[in-house]
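J.: Fold the following and give me the result.
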Amino acid sequence: MLHMKSAVAALGDEALRQMFIARREVFVDLLGWDVPVLEGRYEIDQFDDEHAAYLIVSGPNAEHLASARLLPTTRPHILADLFAHLCEGEIPRGPGIFEITRFCLDRRLTAAERRDARNKLVSSIAEYGIANGIHTFTGVAEMGWLRQILGFGWRSRPLGRAQRVGGKMLAALAIDIDRETPALLARTGIYSTPRQAEGTRHAA
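T.: Residues are numbered from 1 along each chain as shown. Got it, this is the predicted structure:
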């Protein structure tokens, strides 16, 4: 049984509830990840606690379009606790460093809608970082997704060589955030002011 009081309490928030359902549909049903599923519907793990922040892009009818979870690196997080071997040097940690996890684009979106939702979510991540004194985001990504992230235009870099984990090639990365980041994203057509963003939600 999962003992995640804050995450379970968050199920009363419709935007968060839809996000957890979308995460299950993408990461469990589509990608086959072996991660916990609460009540057979919601993908929730040990990192979905009161310290996690969520960025959720919603549609005109409050439907989930895209979302991401941000974890403080001063506490347990995925790179440090599960994939530390992907970093060739020290794992980036500190109050100005957060980890991006569970970057989720809804399965029902068309290719054009996915691109638009992705751009809004990436823009929201940059804006959230600037507004909250975050100078670096870290993460773990499969190679195809890693190439996309590195090509968005912001200052980003791998933290080590890609390694095969569970049959997939994974790599750790870092993204530097400052007031120039929106302009850098705009040059590649990524940046857009998120019009339908729900903003940052805390599962508490």
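J.: Worst mean pLDDT across the helices and strands of this protein, which element?
T.: strand 197-202 (a mean of 42; mean pLDDT, DSSP states H and E).
J.: so where's the protein shaky on pLDDT?
T.: 1-12, 194-204 (pLDDT under 70).
J.: Longest helix in it, please.
T.: helix 111-131 (DSSP state H).
J.: Alpha carbons only: can I get that helix in PDB?
T.: Below are the C-alpha coordinates for helix 111-131, written out as PDB (Å, rounded to 0.1, in the frame of the first residue of the first chain):
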ATOM      1  CA  ALA A 111       1.200  16.200 -33.500                       C
ATOM      2  CA  ALA A 112       0.600  19.900 -33.800                       C
ATOM      3  CA  GLU A 113      -1.200  20.100 -30.400                       C
ATOM      4  CA  ARG A 114       1.700  18.200 -28.800                       C
ATOM      5  CA  ARG A 115       4.200  20.600 -30.200                       C
ATOM      6  CA  ASP A 116       2.200  23.600 -28.900                       C
ATOM      7  CA  ALA A 117       1.700  22.000 -25.500                       C
ATOM      8  CA  ARG A 118       5.400  21.100 -25.300                       C
ATOM      9  CA  ASN A 119       6.400  24.700 -26.100                       C
ATOM     10  CA  LYS A 120       4.100  26.100 -23.500                       C
ATOM     11  CA  LEU A 121       5.400  23.700 -20.900                       C
ATOM     12  CA  VAL A 122       9.100  24.400 -21.700                       C
ATOM     13  CA  SER A 123       8.300  28.200 -21.600                       C
ATOM     14  CA  SER A 124       6.600  27.700 -18.200                       C
ATOM     15  CA  ILE A 125       9.600  25.800 -16.900                       C
ATOM     16  CA  ALA A 126      12.000  28.700 -17.900                       C
ATOM     17  CA  GLU A 127       9.700  31.300 -16.500                       C
ATOM     18  CA  TYR A 128       9.200  29.400 -13.200                       C
ATOM     19  CA  GLY A 129      13.000  29.100 -12.900                       C
ATOM     20  CA  ILE A 130      13.600  32.800 -13.400                       C
ATOM     21  CA  ALA A 131      10.800  33.800 -11.000                       C
END
